[in-house]
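**Student:** Pasting the sequence and the predicted model now:
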Amino acid sequence: MPKHPISENLPAELLLEHMPVSAFVLDARHQVVIWNQACAELTGLTAEQMLGSTEHWRGFYTERRPCLADLLLDSSLGDLESLYEQASHSSAVSHTENWCLLPDGRRLYLVIDAGLICNADGAVVAVVETQRDRTEQRLMMQALGESELRMSSILASALDAIITIDQQHHITLFNDAAARIFQCISEFAIGQPIERFILPQCLNLFQRFINFDQPLSSAQTWVPEGLSARRANGESFPIEATFSPLEVNEQKLYTIILRDVNDRRIAAEKLDRLQLEKGYLQEIINDEHNPQDFVSASVLMREVMAQVRMVAGTDTPVLLLGETGTGKELLARAIHEYSPRSSAIMVKINCAALPADLIESELFGHEKGAFTGAVQQRKGRFELADGGTLFMDELGELSLSAQAKLLRVLQEQEFERLGGSETLHVNVRLIAATNRDLATEVSAGRFRADLFYRLNVFPLQIPALRQRSADIPLLARFFLHKYAKKLAKRFTDISPASLENLHNYAWPGNVRELQNVIERAVILSPGPLLEIALLNPVVTEPTAVTKALPTLAELEREHILRTLRATHWQISGPKGAAAILDLNPNTLRSRMVKLGISKT
Ligand SMILES: Nc1ncnc2c1ncn2[C@@H]1O[C@H](COP(=O)(O)OP(=O)(O)OP(=O)(O)O)[C@@H](O)[C@H]1O
């Protein structure tokens, strides 16, 4: 190789020794022949320590391993690619980049190059290896990679469409939400003009928010309404959007973050419905009407239950008729539970519990401003019961105007919210209950005949409790068990005298009254036999005001007598009459004498 006159006076060793890059030279036997100043500075190992040794690896690794220079000299020492990441190799030069652990404990990312030195005959006489510290760049690259990853996962998980466009209005970024909202894969969208995704009628307005000439510092613009976008299939939808100018690498861009307003409306509606449903479900959980708890042994009730099971599988409206407290609501729940709609909810409305003007809004819902106080739109119970069952209790109390609307829902399954013009369609099964005689109500003009006939397709008459005396002991024991458990009290049974009492009573309040009587007795009785001493004898007709009332002494005598019968005339002891009456046994004995009570 021709030499410059000056370089002839510069021996290669001197050049290597002083060059500002860390380097060492090995001879053909892998012994260090040069360990330059920069290498000594980098590794902290001096030339004196290293010259002549084959321990040069100590400068870069904690364990013995062939350096790049060794591999270049002798390829049998190992495979370059498997020993070093990012390795590349040509006949006389090798390159690698990797993390090294230096003797002073520093971890550095070194870029290492090695080249063979041959003599004039082409024989390998030595190898030179250089090391350049690229730790800082490497760490920056890593941080950049991580932040890009974070950025792209934020973009991917965002619910809003995030789009960036360049000065030509071409899309440069189109996140996953944008792909979902516009129904267009990002590979296709990128490079397209944004105008392709805007409804043509809104283009002028849209372009007003993109101005690449305005200063970057100008604030973002939020456009809550008035703009509509266009999906890949041409379908248009209203959007709200934020426009923000930005500059990246001297390139001016605009970021547009937008969302489908319909999506938000649908989500808000869903939330509304779920909240309402939650309220109703809570009511049901707190409700006492559990069809699993239906108790009955009488022939009359068994017939009713057979009909319940038959009608449950259909969508036919059911009209439950019967006195108050006979179990109409419990049967309505049973019909719903046995029906194919049981996975949806049964919504209840008590027509007697709300004033006539509110009941319509409760049933059909209202639009905002439909009447004074209607500050926001509200869904009615028909909408809530969609797919399920609506139970209308005390149907006989429904106003004539609400009856007309109810008839329309029954016939067409459609209605409008109060103050609304949109016709809503629902799929609701109706169960109604009343203790009024609807036929009489029809003749009196208080109930629409057409609605009555529509509802009367499957009337179910629930017998009064006094008509099914076989159910009385069964129900009484069921309620005894229920309330004893609730009040953590122990009872073995109901006393025979009390059972007799229950049979003789007329039960104007039916099962509900029986339930209340047992609950009260459970509170008052010490047990273990339940005493129900408070019932008046048979009340078959209303007590005449003129009828002579018993005196206090008569009542006391009757009450003591009943208690004594119930305890089989046992006076003292924990199960005795005195304990039940909360009296001293001697006091009870003297009262018995005074009131003329004796076993005979
Ligand atoms: N056969 C039964 N087995 C167990 N509990 C019953 C039975 N029948 C009624 N009940 C209970 O009696 C109470 C009254 O029943 P329900 O509310 O169903 O009567 P209703 O006929 O709908 O009354 P109203 O006409 O006053 O609305 C409820 O607590 C119910 O659980």
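**Tutor:** That came in fine, so what should we check first? Owing to the predicted nature of the structure, the values given are computational and were not obtained by experimental measurement.
**Student:** Neighbours of the residue of the chain at minimum distance from the ligand, how many?
**Tutor:** Nearest to the ligand in the chain, going by Cβ to the nearest ligand atom, is Gly327, at a distance of 2.8 Å. In this view, the C-beta of every residue, glycine as well, is placed from N, C-alpha and C. For Gly327, the count of nearby residues is 25 (other Cβ atoms under 10 Å).
**Student:** what's the distance between it and Leu51?
**Tutor:** Separation of Gly327 from Leu51 (Cβ to Cβ, to the nearest Å): 106 Å.
**Student:** can you list the domains in this protein?
**Tutor:** Using automatic domain parsing, the domain parsing of the chain gives 7-138, 158-264, 287-461, 489-595.
**Student:** Quickly compare those and say which is most buried.
**Tutor:** Of all these, domain 287-461 has the most neighbours on average by mean count of other Cβ atoms under 10 Å, namely a mean of 17.
**Student:** State the mean pLDDT of it.
**Tutor:** Averaged across domain 287-461, the pLDDT comes to 88.
**Student:** try stretch 113-124
**Tutor:** On average, stretch 113-124 scores 89.
**Student:** what's the answer for stretch 469-485, then?
**Tutor:** Here the average pLDDT along stretch 469-485 is 91.
**Student:** Could you do stretch 170-182 as well?
**Tutor:** 93.
**Student:** From Val124, how far out is Gly52?
**Tutor:** For Gly52 relative to Val124 (Cβ to Cβ), the value is 19 Å.
**Student:** Quick check: chain neighbours aside, which residue is closest to the residue of the chain closest to the ligand?
**Tutor:** Leaving aside its chain neighbours, Gly327 sits nearest to Val511 (5.4 Å; criterion: Cβ to Cβ, 6 or more residues apart in numbering).
**Student:** Contacts only, for Ala497.
**Tutor:** 531, 562, 565-566 (Cβ atoms under 8 Å, 6 or more residues apart in numbering).
**Student:** I'd like those residues as JSON lines, with secondary structure appended.
**Tutor:** Listed next are the contacts of Ala497 as JSON lines, based on DSSP: H, G, I helix; E, B strand; the rest coil:
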{"residue": "Glu531", "secondary structure": "coil"}
{"residue": "Arg562", "secondary structure": "helix"}
{"residue": "Arg565", "secondary structure": "helix"}
{"residue": "Ala566", "secondary structure": "helix"}
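**Student:** Among these, which pair sits farthest apart?
**Tutor:** Largest separation among those by Cβ to Cβ: Glu531 and Arg565, giving 10.3 Å.
**Student:** Tell me who's in contact with the residue most central in space within the chain.
**Tutor:** Centroid-nearest residue in the chain: Leu274, 9.4 Å away (criterion: Cα atoms, centre = their mean). Leu274 makes contact with no residue, according to Cβ under 8 Å, 6+ apart.
**Student:** Next to the ligand, which bits of the stretch 351-500 of the chain? Give me the list.
**Tutor:** 393, 433, 435, 475 (Cβ under 6 Å from any ligand atom).
**Student:** again, only this time at 8 Å
**Tutor:** Residues of the stretch 351-500 of the chain lying close to the ligand (Cβ under 8 Å from any ligand atom) are 393-394, 433, 435, 462, 471, 475, 478-479.
**Student:** Same check on the chain?
**Tutor:** 288-290, 293-296, 301, 320, 322-332, 350, 393-394, 433, 435, 462, 471, 475, 478-479, 510-512, 514-515.
**Student:** any idea how far Gln515 is from Val25?
**Tutor:** For Val25, the distance to Gln515 - Cβ to Cβ - is 103 Å.
**Student:** before we move on, what about Thr587?
**Tutor:** 34 Å.
**Student:** before we move on, what about Leu199?
**Tutor:** Leu199 sits 64 Å away from Gln515, going by Cβ to Cβ.
**Student:** rewinding a little: quick one, what contacts the residue nearest to Gly327?
**Tutor:** 325-327, 465, 475.
**Student:** Inside strands: which ones of those residues?
**Tutor:** Residues of the contacts of Val511 located in strands (DSSP state E): none.
**Student:** Dump these to a markdown table, plus distance to Ala444.
**Tutor:** Shown next, in a markdown table, are the contacts of Val511 (distance: Cβ to Cβ, whole Å):
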| residue | distance to Ala444 |
| --- | --- |
| Gly325 | 25 |
| Thr326 | 23 |
| Gly327 | 27 |
| Leu465 | 28 |
| Leu475 | 35 |
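**Student:** out of those residues, which are inside helices?
**Tutor:** Of the contacts of Val511, the ones assigned to helices by DSSP state H are Leu475.
**Student:** Nearest to Ser90 among the contacts of Val511?
**Tutor:** Gly327 (94.4 Å).
**Student:** what two of the residues of the stretch 351-500 of the chain next to the ligand are the furthest from one another?
**Tutor:** Glu394 and Phe478 (25.7 Å).
**Student:** returning to what we had before: pretty sure the residue nearest to the centre of the chain sits in a helix.
**Tutor:** Yes - checked against three-state DSSP, Leu274 lies within a helix.
**Student:** hang on, isn't the residue of the chain closest to the ligand packed against Ile462?
**Tutor:** Yes - using Cβ atoms under 8 Å, Gly327 is in contact with Ile462, at 6.0 Å.
**Student:** quick one, what contacts Asp450?
**Tutor:** Leu407.
**Student:** Assumed it was part of a strand.
**Tutor:** No - Asp450 sits outside any strand when classified using three-state DSSP, being helix.
**Student:** Glu240 and Asn175: what is the separation?
**Tutor:** With Cβ to Cβ as the criterion, Glu240 and Asn175 are 17 Å apart.
**Student:** ditto for Glu187
**Tutor:** From Glu187 to Asn175 the distance is 13 Å (Cβ to Cβ).
**Student:** Need the per-residue pLDDT for Thr43.
**Tutor:** 95.
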